[in-house]
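> The sequence isn't on hand, but the structure is:
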């Protein structure tokens, strides 16, 4: 099978993430995409205003209509900093004979060689990046060529992505502004019902 790991803070998961998931599922002919919310991203402090269980719940609501998507609590159960190389090693044990892909945004694709144990990441998965806009494409192509000299397999999706950010959503909620269209209606209802990001 072809299985992709799509990790992130997902605080909350928004329509840009969903669009990205759909595009990669189609482009890579994926059998499964694992949506993996981080417990603590290595480069950030944990946001204590939202419980890990609430992030999982929002992810499940966001992807409920994506038949290929499955939300995994593998990093939340492990707790601590969420290092990609550890998660990929665990996924390789679960899926020993399957082809693994790692989906990243443009920023992550450009810095992945600086992550903890990038050589393990390169060995275990094809690194997939997506540009935010047309200007990004040439930068990502150069980075892909560089990563290949380090032993990585890469794939760039030539498509612009809807510019939605989780930060914008949290700020809108805190200011009493609408988040309609930025998240699915189910996620919007969950945020409002549980008083998140107030």
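Sure thing, it's come through. Treat the numbers as computed from the prediction; the structure is a model and nothing was measured.

> contacts for stretch 143-151?
If you take C-beta atoms under 8 Å, 6 or more residues apart in numbering as the criterion, stretch 143-151 is touched by 109-110, 112-113, 118-119, 122-123, 127, 129, 154, 156. The way it works is simple: take the backbone N, C-alpha and C, and place the C-beta from them, glycine included.

> Which of those fall within helices?
109-110, 118-119, 122-123 (DSSP state H).

> ok, of these, which one's closest to residue 195?
residue 109 (35.2 Å; C-beta to C-beta).

> ok, that closest one to residue 154 distance?
8 Å (C-beta to C-beta, to the nearest Å).

> for residue 7, same thing?
17 Å.

> When those two are compared, which one has more neighbours?
The neighbour comparison of residue 7 against residue 154 (other C-beta atoms under 10 Å) goes to residue 7, with 22 against 19.

> That one is in what secondary structure piece?
strand 2-8 (DSSP states H and E).

> what does residue 97 give?
Secondary structure (DSSP H and E) places residue 97 outside all helices and strands.

> those strands in this protein, which residues are they?
2-8, 32-37, 69-71, 99-103, 126-129, 154-156 (DSSP state E).

> packing partners for the fourth one?
With contacts defined as 3 or more C-beta pairs under 8 Å, 6 or more residues apart in numbering; DSSP states H and E, strand 99-103 has these neighbours: strand 2-8, helix 15-27, helix 84-94, strand 126-129.

> Export these to TSV and append columns for distance to residue 40 and mean pLDDT.
Shown next, in TSV, are those (distance: least, C-beta to C-beta, whole Å; pLDDT from 0 to 100):
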stretch	distance to residue 40	mean pLDDT
strand 2-8	12	96
helix 15-27	19	94
helix 84-94	13	97
strand 126-129	22	96
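
> follow-up on the earlier one: mind checking which of the contacts of stretch 143-151 are buried?
109-110, 112-113, 118, 122, 127, 129, 154, 156 (16 or more other C-beta atoms under 10 Å).

> still on that earlier bit, please name whichever of the strands of the chain is nearest to residue 78.
strand 32-37 (10.5 Å).

> strand partners of that closest one, parallel vs antiparallel please.
Strand 32-37 sits in its sheet next to strand 2-8 (parallel), strand 69-71 (parallel), going by DSSP bridges.

> got CSV for those, with distance to residue 91 too?
Below are those laid out as CSV (distance: least, C-beta to C-beta, whole Å):
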stretch, distance to residue 91
strand 2-8, 6
strand 69-71, 12
